[in-house]
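Participant: Mind looking at a prediction? Sequence and model below.
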Amino acid sequence: MRTRDIIQIDEERCNGCGQCIPKCAEGALQIVNGKARLVGDQLCDGLGACLGHCPQDALHIVKKKASAFDATAVEKYHSKRKRTDGVTCECSHVVVSPPPVQKAKASGKGQPSTAWRQWPLALRLVPVSAPFFKDANLLVAADCAPFAYAKFHEDFLQGKVLVFGCPKFDDAQGYIDKLAEILRVNPIRSVTLVHMEVPCCSGLRAIFETALAKSGKKIPLQYTVLATDGGRCS
């Protein structure tokens, strides 16, 4: 074992409310005997996505000797928690195994107007080693983009795995760490990055470029900037 960042739970402060559980995409936290518990050191990536969601301030990232984070162990852990309908669930809010592609009614040209390939979609919720990342064409989008661009599903989403977030209001460093790990441990085929033309939204590009460099991978990358009038800038 080596010294690394890992979650520590103050049992005296913890009241078992469970608000931290859906924030841990790897499923490392569970409520046991009325308290939040770390299921296994190897399931905790030490990035602290669960921090800030505890009303009792019972969660902290500390440095201590612990088993290394194991993405394969996370995937095996999720596979053991399958429901009878065939999807794996972190909790009642987070499904981590991809459901069948859902399509809207066909348009006048006989083509589906929308499709989605997995759940969850929010970057802060997706597990790093989720099965839908294998050989994926990844679409990284600012969370306002699908609302501002009417043909978002038709032009960008078909055949892609989507993650989205807001670079202004969410944790930028958390996004960098999460994206870097997703890119590092998964065979991602390509990435399409879509964001709005406004300055705060363009921070998503810097976040992704930093994450890509941190991952050590070389992945085909395409940028699209959307205009606030509903069109495309590039």
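Facilitator: Here it is on my side, so go on.
Participant: helices and strands of this protein: which one bottoms out on pLDDT?
Facilitator: Within the chain, no helix or strand scores below strand 102-103, which has a mean of 48 by mean pLDDT, DSSP states H and E.
Participant: And the strands in the chain, which stretches?
Facilitator: 2-9, 29-32, 35-38, 59-66, 102-103, 115-116, 137-142, 161-165, 190-196, 221-226 (DSSP state E).
Participant: which one of these has the lowest average pLDDT?
Facilitator: Mean pLDDT is lowest for strand 102-103 among the strands of the chain, at a mean of 48.
Participant: so where's this structure uncertain?
Facilitator: Applying pLDDT under 70 to the chain flags the ranges 52-53, 80-115.
Participant: which residues sit against the longest helix along it?
Facilitator: Criterion DSSP state H: the longest helix present in the chain is helix 199-215. Residues outside helix 199-215 that contact it (CB atoms under 8 Å, 6 or more residues apart in numbering): 140, 142, 144, 165, 167-168, 172, 175-181, 183-184, 191, 193, 195-196, 219, 221, 223, 225. Just so you know, the C-beta spots here come from the backbone N, C-alpha and C atoms, and that holds for glycine as well.
Participant: Is it correct that G40 is in contact with A73?
Facilitator: Yes - using CB atoms under 8 Å, G40 makes contact with A73 at a distance of 7.3 Å.
Participant: if I look at A145, how far off is E197?
Facilitator: 11 Å (CB to CB, to the nearest Å).
Participant: what does R37 give?
Facilitator: 46 Å.
Participant: Can you give me the neighbour number for A150?
Facilitator: If you count neighbours by other CB atoms under 10 Å, A150 ends up with 11.
Participant: That one reaches D229, doesn't it?
Facilitator: No - contact criterion CB under 8 Å: A150 and D229 do not qualify, at 11.4 Å.
Participant: what do A145 and E197 both touch?
Facilitator: In contact with both A145 and E197: L226, using CB under 8 Å, 6+ apart.
Participant: Just want to know which of these two has more residues nearby.
Facilitator: Comparing A145 with E197 by other CB under 10 Å, the one with more neighbours is A145, at 21 against 16.
Participant: Verify the stated contact: T3 with V62.
Facilitator: No - T3 is beyond contact range of V62, at 10.0 Å (criterion: CB under 8 Å).
Participant: hang on, the earlier thing: export the longest helix of the chain as PDB, just CAs?
Facilitator: Output in PDB follows, covering the C-alpha atoms of helix 199-215 (Å, rounded to 0.1, in the frame of the first residue of the first chain):
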ATOM      1  CA  PRO A 199     -16.700  33.600 -22.300                       C
ATOM      2  CA  CYS A 200     -17.800  31.600 -19.300                       C
ATOM      3  CA  CYS A 201     -18.900  28.700 -21.400                       C
ATOM      4  CA  SER A 202     -15.600  28.600 -23.500                       C
ATOM      5  CA  GLY A 203     -13.800  27.600 -20.300                       C
ATOM      6  CA  LEU A 204     -15.000  24.100 -21.100                       C
ATOM      7  CA  ARG A 205     -12.400  24.000 -23.900                       C
ATOM      8  CA  ALA A 206      -9.600  24.800 -21.500                       C
ATOM      9  CA  ILE A 207     -10.800  22.200 -19.000                       C
ATOM     10  CA  PHE A 208     -10.900  19.500 -21.700                       C
ATOM     11  CA  GLU A 209      -7.500  20.400 -23.200                       C
ATOM     12  CA  THR A 210      -6.000  20.300 -19.700                       C
ATOM     13  CA  ALA A 211      -7.700  16.900 -19.000                       C
ATOM     14  CA  LEU A 212      -6.500  15.500 -22.300                       C
ATOM     15  CA  ALA A 213      -2.900  16.500 -21.600                       C
ATOM     16  CA  LYS A 214      -3.100  15.000 -18.100                       C
ATOM     17  CA  SER A 215      -4.500  11.700 -19.500                       C
END
